[in-house]
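K.L.:
fold the following, please.
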Amino acid sequence: MALSDALKQEIQQAYRDLLAGKGIRARYGQRLMIAEIARYMGEITADDGRRTSPPATCVIEAGTGTGKTLAYLVAAVPVARALGKTLVISTATVALQDQIVLKDLPDLKQHTRLDFRWTLAKGRGRYLCMSRLEARLHDEGNGDSETMPLFLLEAQAGDEPGSRAFFEQMLARYGDRSWDGDRDHWPEQIPDDVWRQVTTDHRQCTNRHCSYFDSCAFFDARKELDQADVVVANHDLVLADLALGGGAILPEPENALYIFDEAHHLPDKALNHFAASVALNGTRQWLKQLSQALVKMQPFLAPGTQAVKTLDKIGTAARDLDLVLGRVYQEAETNTRWDFNEERRSAQWRYPEGELPDALAALAAEARVATATLVRHLGALADDVQAAFDERKEHDIDRETAEAWYPVIGAFHSRAEDQLRLWVAWCEQVNESTATENGDDDSARPRAKVPPPARWAVRQRWEHAEDITFYSSPVLADNLLYSRLWSRAYGAVLTSATLTALGRFDRLRSRAGLPEASRYCVVPSSFRYGDMATVEVPSMRAMPTDDAFTDALVERLPDLWAGEPATLVLFTSRRQMHRVRDALAPEHPDLILTQDDMAKGEVLRQHCARVDEGRPSVLFGVASFAEGIDLPGKYLKHVVITRLPFSVPDDPIEASLAEWVTQRGGNPFMEITVPDASVKLVQAVGRLLRTEQDTGRVTILDRRIVTRRYGQLLLDALPPFRRIIEP
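P.N.:
Alright, predicted model coming up:
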């Protein structure tokens, strides 16, 4: 569909109205981004609403200060509406998701003539399950809940998460609608172990058969999804929907235009999503819990019924699996060359080229069969219990029993399926010639050999127990993303401040499996980097590879933060960060805050409070602070990078990828390690300038950036700050 003149005018008018309404001036990069997205979407051809042009994405790197969120909204909302497609905006973080929903979309609606509706989509696990909460309170056995409506129980302030009073407070707030059941909207952070007790997943949810369906937080949030023109989601939810075939949670890819913001996270998110793991002793303990649940369930079932027979089959399958897992554990424990790290009380073993020893491979095949049998019988029981909700037919199971036991059986079934994924992945033959997932037709894309999966084991020791966990993960997400997303989506835009590595898109193209017809653009920044900041490489008496480097940091840092109101020091090792802090804190009381001292938000709050009071503040952080914090203006004037952010050498996925590149005659350091470090370094440097008024300096204490051949590549990939390099 070529963009009509009317549609172009609608986009241009919306941009003018937005600028006027918000009282901001036009930015060249923002205008360029709007034009690029609109042009890309307008060039997609379709027949009867289905894309007929080759798969293609639009990739735009737009640095901080571009105003990229408003740019893609102004361009994509009118085009999506004209095409009759749903605009799905996906982010990597909750913070950006909330910004788009609570600020950017309302601004667009308020200041322009665009008519559109939007909604926020989150996974079921972010919402309260009333049925689970009621069961949790009932299990406490408190008489109050038997004699008065739970909604009338008085909420108590300051109750510890996980206590009965806390759950009663949760129920009261949901009952009086002061809380909408969204975990992210609870005033305090709810620990994972507490939240798991009151939420559910698709395997445990009885949907319309639940007595709380009409007041369900999850389904209330979903009612607007079908009517929305814009759906704001996150990468994990998009991937979860694709794993279910696409269209199960979000609009089907063929009817969606995607905007992936923070797109540099997408390949790693995909790897995490399609990875699998099984803790051997943890699973054996879980099988005992399953057996106990079967004993408790049996009295609720009439003797001789199909459900009772299935119960017996599940019990047999669980015992068989337990025996196999015992043998697997013994084999892995005895015949693996474990090299324990006493500090972490753990050891890791990666299977080179993804090849398992013959004995372990044979046992993995047995575990696969045994787990598949358990999954099949649990699925049959879940179907039997679910059928009891159909009041039009006679059933062996009464509805009350079904309501009580369906979530329990569903939870066991879901976990068994997760375990089966690992055994299936471990039993797949390593075959480099297979370029596509599950034999998907991929004729539109050149076929290429793919790396074998990464397979590894971790053995952990605790005070009174130990366990071995098996893992499997794809090494690249390219074919997963291509076959499930890019080849099906009507259109997709990927944007972030850091999509290039060493000035090229090659890294993203290969890791994300982007189609050949994709278009790429780097939007120029509005920042005057040379006037706003410097990048400095001072002399150091030790290199990061030397034992004396930590002492050199302790010696150098006080001079670097002297006279600065706000400094961020970034480390690549938590251990080194703590050692430097322990050495310097006594001499500099009430100056240093590390990201491990308290919750991230509180660390940043205290840092800003010190600066507001006119006191200097120094933040120590590792990887998550190198990307995920925003400290504009006076709150950050100096970023110190202690060493170049090269990947940890024992990461099994990175090691497997490096092994594959080496076998193909490549140089993994230059092809993988250096480009990855470039992306992380640009992100770290990006903490300094957040607005056009910011100024400051970046100091890099790793002299390899000027003494090694690759260092010049890393330095040239940074924004064009003024450089000050000491000999």
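K.L.:
for the rest of this, base every contact and every neighbour count on C-alpha atoms.
P.N.:
Noted.
K.L.:
ok now stretch 509-527, how far from the chain's centre?
P.N.:
Computed by CA atoms, centre = their mean, to the nearest Å, the separation of stretch 509-527 from the middle of its chain amounts to 21 Å.
K.L.:
kindly format the C-alpha coordinates of that stretch as PDB.
P.N.:
Output of stretch 509-527 as PDB, limited to C-alpha atoms (Å, rounded to 0.1, in the frame of the first residue of the first chain):
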ATOM      1  CA  ARG A 509      21.100  -9.200  11.600                       C
ATOM      2  CA  SER A 510      22.700 -12.600  12.400                       C
ATOM      3  CA  ARG A 511      21.500 -13.000  16.000                       C
ATOM      4  CA  ALA A 512      17.900 -11.900  15.300                       C
ATOM      5  CA  GLY A 513      17.600 -13.700  11.900                       C
ATOM      6  CA  LEU A 514      16.400 -10.600  10.100                       C
ATOM      7  CA  PRO A 515      15.100 -11.100   6.600                       C
ATOM      8  CA  GLU A 516      17.200 -10.200   3.600                       C
ATOM      9  CA  ALA A 517      14.900  -7.500   2.500                       C
ATOM     10  CA  SER A 518      15.200  -5.600   5.800                       C
ATOM     11  CA  ARG A 519      16.100  -1.900   5.700                       C
ATOM     12  CA  TYR A 520      18.500  -0.200   8.200                       C
ATOM     13  CA  CYS A 521      19.000   3.300   9.300                       C
ATOM     14  CA  VAL A 522      21.000   5.200  12.000                       C
ATOM     15  CA  VAL A 523      19.200   8.400  13.000                       C
ATOM     16  CA  PRO A 524      21.700  11.200  13.800                       C
ATOM     17  CA  SER A 525      21.600  12.400  17.400                       C
ATOM     18  CA  SER A 526      20.600  15.900  18.300                       C
ATOM     19  CA  PHE A 527      23.400  15.900  20.900                       C
END
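K.L.:
buried residues in it?
P.N.:
Residues of stretch 509-527 classed as buried: 509, 511-515, 518, 520-527 (neighbour count, 16 or more other CA atoms under 10 Å).
K.L.:
and stretch 554-569, by the same measure?
P.N.:
Neighbour counts over stretch 554-569 (16+ other CA under 10 Å) mark 554, 555, 556, 557, 561, 564, 565, 566, 567, 568, 569 as buried.
K.L.:
got the residues you listed as CSV, with secondary structure and distance to residue 20 columns?
P.N.:
Below are the buried residues of stretch 554-569 laid out as CSV (DSSP: H, G, I helix; E, B strand; the rest coil; distance: CA to CA, whole Å):
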residue, secondary structure, distance to residue 20
554, helix, 51
555, helix, 52
556, helix, 49
557, helix, 46
561, helix, 41
564, coil, 37
565, coil, 35
566, strand, 34
567, strand, 36
568, strand, 36
569, strand, 40
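K.L.:
wait, which of the residues you listed is closest to residue 540?
P.N.:
Residue 540 has its nearest neighbour among the buried residues of stretch 554-569 in residue 556, at 8.0 Å by CA to CA.
K.L.:
ok so, going back, give me the subset of the buried residues of stretch 509-527 lying in helices.
P.N.:
509, 511, 512 (DSSP state H).
K.L.:
closest to residue 716 among the residues you listed?
P.N.:
Comparing these against residue 716 with CA to CA picks out residue 509 as the nearest, at 20.9 Å.
K.L.:
check what pLDDT that closest one gets.
P.N.:
Note on residue 509: pLDDT of 96.
K.L.:
likewise for residue 411?
P.N.:
Note for residue 411: predicted pLDDT of 87.
K.L.:
so it sits in a helix?
P.N.:
Yes - using DSSP: H, G, I helix; E, B strand; the rest coil, the assignment for residue 411 is a helix.
K.L.:
from residue 293, how far off is it?
P.N.:
12 Å (CA to CA, to the nearest Å).
K.L.:
of those two, who's got more company?
P.N.:
residue 411 (20 against 15; other CA atoms under 10 Å).
K.L.:
now residue 496: how far from residue 224?
P.N.:
Going from residue 496 to residue 224 by CA to CA gives 28 Å.
K.L.:
low-scoring stretches of the chain, by residue?
P.N.:
Counting by pLDDT under 70, the chain has low-confidence residues at 1, 139-159, 341-344, 391-394, 431-449.
K.L.:
what about residue 20, which SS state?
P.N.:
Residue 20 ends up helix, using three-state DSSP.
K.L.:
the residue nearest to it when sequence neighbours are not counted: neighbouring residues, count only.
P.N.:
Nearest non-adjacent residue to residue 20, counting by CA to CA, 6 or more residues apart in numbering: residue 111, 7.9 Å away. Using other CA under 10 Å, residue 111 is surrounded by 17 other residues.
K.L.:
what do you get for residue 576?
P.N.:
So residue 576, with other CA under 10 Å, has 14 neighbours.
K.L.:
and residue 359, by the same measure?
P.N.:
When neighbours are counted by other CA under 10 Å, residue 359 comes out with 12.
K.L.:
and if you look at the one 4 residues further on?
P.N.:
Residue 363 has 19 neighbours, counted by other CA under 10 Å.
K.L.:
re earlier: more neighbours, residue 496 and residue 224?
P.N.:
When residue 496 is set against residue 224 and neighbours are counted by other CA under 10 Å, the residue ahead is residue 496, at 20 against 16.
K.L.:
ranges for the helices of the stretch 251-400 of the chain?
P.N.:
Assigned by DSSP state H, counting those that start in this stretch, the helices in the stretch 251-400 of the chain fall at 266-273, 280-297, 306-334, 358-387, 399-427.
K.L.:
quick one: which of those is nearest residue 581?
P.N.:
Closest to residue 581 of the helices of the stretch 251-400 of the chain, according to CA to CA: helix 266-273, at 31.0 Å.
K.L.:
which helices and strands does that closest one pack with?
P.N.:
The helices and strands touching helix 266-273, judged by 3 or more CA pairs under 8 Å, 6 or more residues apart in numbering; DSSP states H and E, are helix 235-243, helix 478-481, helix 506-512.
K.L.:
can you point out the buried residues in the shortest one?
P.N.:
This means helix 478-481. For helix 478-481, burial by neighbour count (16+ other CA under 10 Å) applies to 478, 479, 480, 481.
K.L.:
so which of those comes closest to residue 17?
P.N.:
Residue 17 lies nearest to residue 481 out of the buried residues of helix 478-481, by CA to CA, at 37.1 Å.
K.L.:
compute the number of surrounding residues for the closest residue to residue 336 other than its chain neighbours.
P.N.:
With CA to CA, 6+ apart as the criterion, residue 336 has its nearest non-adjacent residue at 7.5 Å, and that residue is residue 349. For residue 349, the count of nearby residues is 17 (other CA under 10 Å).
K.L.:
next up, the contacts around residue 349.
P.N.:
Contacts for residue 349 (CA atoms under 8 Å, 6 or more residues apart in numbering) come out as 336, 337, 338, 456, 457, 458.
K.L.:
and the residues you listed as CSV, adding neighbour count and distance to residue 709?
P.N.:
Shown next, in CSV, are those (neighbours: other CA atoms under 10 Å; distance: CA to CA, whole Å):
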residue, neighbour count, distance to residue 709
336, 14, 39
337, 11, 37
338, 16, 36
456, 22, 33
457, 22, 36
458, 16, 36
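K.L.:
what's the closest of the residues you listed to residue 16?
P.N.:
Looking across the contacts of residue 349 and measuring by CA to CA, the closest to residue 16 is residue 456, at 55.1 Å.
K.L.:
ok, that closest one - contacts?
P.N.:
Residue 456 neighbours (CA under 8 Å, 6+ apart): 348, 349, 350, 351, 470, 471, 472, 652.
K.L.:
try 6 Å this time
P.N.:
Neighbouring residues of residue 456 by CA atoms under 6 Å, 6 or more residues apart in numbering: 349, 350, 351, 471.
K.L.:
neighbours around residue 670, how many?
P.N.:
By other CA under 10 Å, 11 other residues sit near residue 670.
K.L.:
ignore the last one, residue 19
P.N.:
Quick note: residue 19 (other CA under 10 Å) scores 16 neighbours.
K.L.:
now do it against residue 96, distance only.
P.N.:
From residue 19 across to residue 96, the span is 21 Å (CA to CA).
K.L.:
helix, strand or coil for residue 98?
P.N.:
Counting by three-state DSSP, the backbone at residue 98 sits in helix.
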